[in-house]
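S.K.: build me a model from this:
(chains A, B, C and D)
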2 protein chains.
Amino acid sequence: MTQVRNRRPASPKQAAACRRPIDDLLDPELFKALGDPTRILLLACLAKCGRPGTVSEVAECCAVDLSVVSRHLALLADAGVLHARKEGRTVWYRVRYEEIGQRLRALADAIEACAQTPVRRSAGGTGCCPKTR
Amino acid sequence: MTQVRNRRPASPKQAAACRRPIDDLLDPELFKALGDPTRILLLACLAKCGRPGTVSEVAECCAVDLSVVSRHLALLADAGVLHARKEGRTVWYRVRYEEIGQRLRALADAIEACAQTPVRRSAGGTGCCPKTR
DNA sequence: TGCGTACTTGCGTCATAATGCAAGTATACG
DNA sequence: CGTATACTTGCATTATGACGCAAGTACGCA
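M.R.: Okay, here's the model as predicted:
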């Protein structure tokens, strides 16, 4: 296998073998967590409130059952979007503002980094996008 | 209803009524599109390749049927992640590097903006996060 | 210790979506 | 015009996930 390093792959298939920052940052679990309208609503409420909220409080934001909200918040915490802190019998969920911000910006950087062409075609261009249109 | 404007809501429920940039940027459709492992794989291949790719090319990246790839790429294009250009009987899909980057950064900004406390408790703090812990 | 509050978990139901196969459409080429 | 190529669409199957209800757990309080 002609594995090229730090070079532009010739085809999407070759590109699949290249490891780039984008591979770790494009995490389906995070996006799956953010891909549900109800969860987005709950997250937006918590984010805009600007302070931690309990399951009961957040549940007042939408019409679904409390158990559903409990599950959604736990899932968002698993995905790294929220932070859970248990205090007696109540659970305070807090938005991880900085972490999400950094994560999204890192992903933006990684994606845009793919757009640039770091390869200066060495010789014949074997394996490195020779017939790029 | 005591609608407060540009003030920190007292509860997640009150926060639900507040319109913030985050409301438009937190689009479930985008994240739903990015929430599938197969689509992420196809997107990563296309992104790392750095050039537009056809359906057949991208389909070589993973083991699923060509028709599945066709559907996934169309879905990613609908979500604004890819751009489709038809040329004869082949379709070239291109990653919208700049658009995604901007979108993610705008979201990062909007989320982090929620973390800051723009409200200087006016008087009694009616409706504005009085008992923020 | 008994009860109420705050949340979680089990489970059944329903909806959405991912996949593969087969058939269809559109375009190029001889 | 017929055929091959490149992709799309219809359809059935299967898997995943969202939801509500009911029961369970954990903690605080009297």
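S.K.: what comes up buried for the top helix by length along chain A?
M.R.: In chain A, assigned by DSSP state H, the helix with the most residues is helix A:97-115. Under the neighbour-count criterion of 16 or more other Cβ atoms under 10 Å in any protein chain shown, helix A:97-115 has A:97, A:100-101, A:103-108, A:110-114 buried. Where C-beta positions appear, they are placed from N, C-alpha and C, glycine not excepted.
S.K.: next one: stretch A:48-61
M.R.: Buried positions in stretch A:48-61, judged by neighbour count with 16+ other Cβ under 10 Å: A:48-55, A:57-61.
S.K.: who are the packing partners of the longest helix of chain A?
M.R.: For helix A:97-115, the elements it packs on are helix A:21-25, helix B:37-49, strand B:90-95, helix B:97-115, judged by 3 or more Cβ pairs under 8 Å, 6 or more residues apart in numbering or on different chains; DSSP states H and E.
S.K.: so is the second one next to DNA strand D?
M.R.: Put plainly, it is helix B:37-49. No - contact of helix B:37-49 with DNA strand D is not found when judged by Cβ under 7 Å from any atom of the strand; the minimum separation is 9.5 Å.
S.K.: which strands border the helix or strand that that helix is followed by, and is each parallel or antiparallel?
M.R.: Taking DSSP states H and E as the definition, the helix or strand that follows helix B:37-49 towards the C-terminus is strand B:53-54. Applying DSSP bridges to the sheet, strand B:53-54 is found paired with strand B:90-95 (antiparallel).
S.K.: now the partner strand, how far from the centre of its chain.
M.R.: 21 Å (Cα atoms, centre = their mean, to the nearest Å).
S.K.: next one: stretch A:30-47
M.R.: Using Cα atoms, centre = their mean, the mean C-alpha position of stretch A:30-47 is found 12 Å from that of the whole chain.
S.K.: for stretch A:91-108, same thing?
M.R.: Between the mean C-alpha position of stretch A:91-108 and that of its chain there is a distance of 9 Å (Cα atoms, centre = their mean).
S.K.: mind saving the C-alpha coords of it as PDB?
M.R.: Extracted in PDB, the C-alpha atoms of stretch A:91-108 (Å, rounded to 0.1, in the frame of the first residue of the first chain):
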ATOM      1  CA  VAL A  91     -29.200  17.100  40.100                       C
ATOM      2  CA  TRP A  92     -27.900  20.400  38.800                       C
ATOM      3  CA  TYR A  93     -27.100  20.400  35.100                       C
ATOM      4  CA  ARG A  94     -24.700  23.000  33.800                       C
ATOM      5  CA  VAL A  95     -23.800  23.900  30.200                       C
ATOM      6  CA  ARG A  96     -20.100  23.300  29.400                       C
ATOM      7  CA  TYR A  97     -19.900  26.600  27.600                       C
ATOM      8  CA  GLU A  98     -16.100  26.800  27.300                       C
ATOM      9  CA  GLU A  99     -15.600  23.200  26.300                       C
ATOM     10  CA  ILE A 100     -18.300  23.200  23.600                       C
ATOM     11  CA  GLY A 101     -16.900  26.500  22.300                       C
ATOM     12  CA  GLN A 102     -13.400  25.100  22.100                       C
ATOM     13  CA  ARG A 103     -14.600  21.900  20.500                       C
ATOM     14  CA  LEU A 104     -16.600  23.600  17.800                       C
ATOM     15  CA  ARG A 105     -13.800  26.000  17.000                       C
ATOM     16  CA  ALA A 106     -11.300  23.200  16.800                       C
ATOM     17  CA  LEU A 107     -13.600  21.400  14.400                       C
ATOM     18  CA  ALA A 108     -14.000  24.500  12.300                       C
END
